[in-house]
Structures are given as structure tokens and as C-alpha cells.
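Engineer: Here is my input, please return the structure:
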Amino acid sequence: MQKTFRITVDGRSYHVVVEDLTAPVQPEAPLAASAAATAFPQPAPSAPAAAPASPGSEVAPLAGVVHTIDVDIGQTVQPGDKIATIEAMKMKTIVVAKGAGTVTAIAVKVNDNVETGQVLLTLG
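Structural biologist: Next comes the predicted model:
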């Protein structure tokens, strides 16, 4: 026996057909056009969680490719200073420092793939 359900995921509504495998199998009747199953996207595999950032770490706000690193080790930065640019889906996002300090380490280089929350650099 098949049942049709409407499921809402993240605000998007999907129509799905579910077959009850515990019921005796009966010949299937053709579905009416209005009850036809609607294809829906498969969920993307989840990325591994990024390690928690230590105090002074500046992290990637989104997944993408490092386009520029705009600071050097030893450079002093203030909150709001541009520290890097990440490109995702052909759009460039400027990453700004959230805290003040001196750049003590840079954990990525240009053209590296980064995940959301990945440490870009450390301020001391």
C-alpha cells in the first residue's frame, strides 16, 4: 500500500510517496497525474565539523577557496581590518578581523579550500 505525504524541510515543501512494506502486496493501480511523486533533492553529505577555534583565531565564515591573504605575520590588525578574501560560487567575500592583535600564524595559503569555521590565522 502506498501513501502520499507532504514533508516540509527547511521551509521547502516536498510531496513523497511511501510504501508500507508490512501490508500485503497488492497489484499497483496507476497513479493519477495529481498524485504522481515529485522528485526532490537528496541531502548533501555533511562536512566534518571544524575543530573549535582557540582564542585569537580568525576563522572562515563560509566554505570556499582562499582568494587573497591580506596580512603578514607580525602585522598588527584592528577589528574590521580586511584579513582575507574567500571565493565561493564565483562570489568573493571579504573576511575582516573580529579582534585586535598581531598576526602570529597564518594557517592557509592562496588557493586553499577552506570549510566554515576553519582557522585562517591567529592573532596574539
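
Engineer: Buried residues of the helix or strand harbouring residue 68, list them for me.
Structural biologist: Secondary structure assignment for residue 68, by DSSP states H and E: strand 64-69. Using 16 or more other Cβ atoms under 10 Å as the test for burial, strand 64-69 gives 64, 66, 67, 69. The C-beta positions use only the backbone N, C-alpha and C, and glycine is treated the same way.

Engineer: now do stretch 114-124
Structural biologist: Applying 16+ other Cβ under 10 Å to stretch 114-124 flags 114, 117, 118, 119, 120, 121, 122, 123 as buried.

Engineer: and residue 82, how many neighbours?
Structural biologist: 13 (other Cβ atoms under 10 Å).

Engineer: Quickly note the distance from it to residue 8.
Structural biologist: 40 Å (Cβ to Cβ, to the nearest Å).

Engineer: Repeat that for residue 81.
Structural biologist: Taken as Cβ to Cβ, the span from residue 81 to residue 8 is 42 Å.

Engineer: Out of the buried residues of strand 64-69, the closest to residue 55 would be?
Structural biologist: Taking Cβ to Cβ as the measure, residue 55 lies nearest residue 69 of the buried residues of strand 64-69, at 21.0 Å.

Engineer: And for the closest one, nearest residue in space, chain neighbours not counted?
Structural biologist: residue 84 (5.3 Å; Cβ to Cβ, 6 or more residues apart in numbering).

Engineer: Does that neighbour lie in a helix or a strand, and which?
Structural biologist: strand 82-88.
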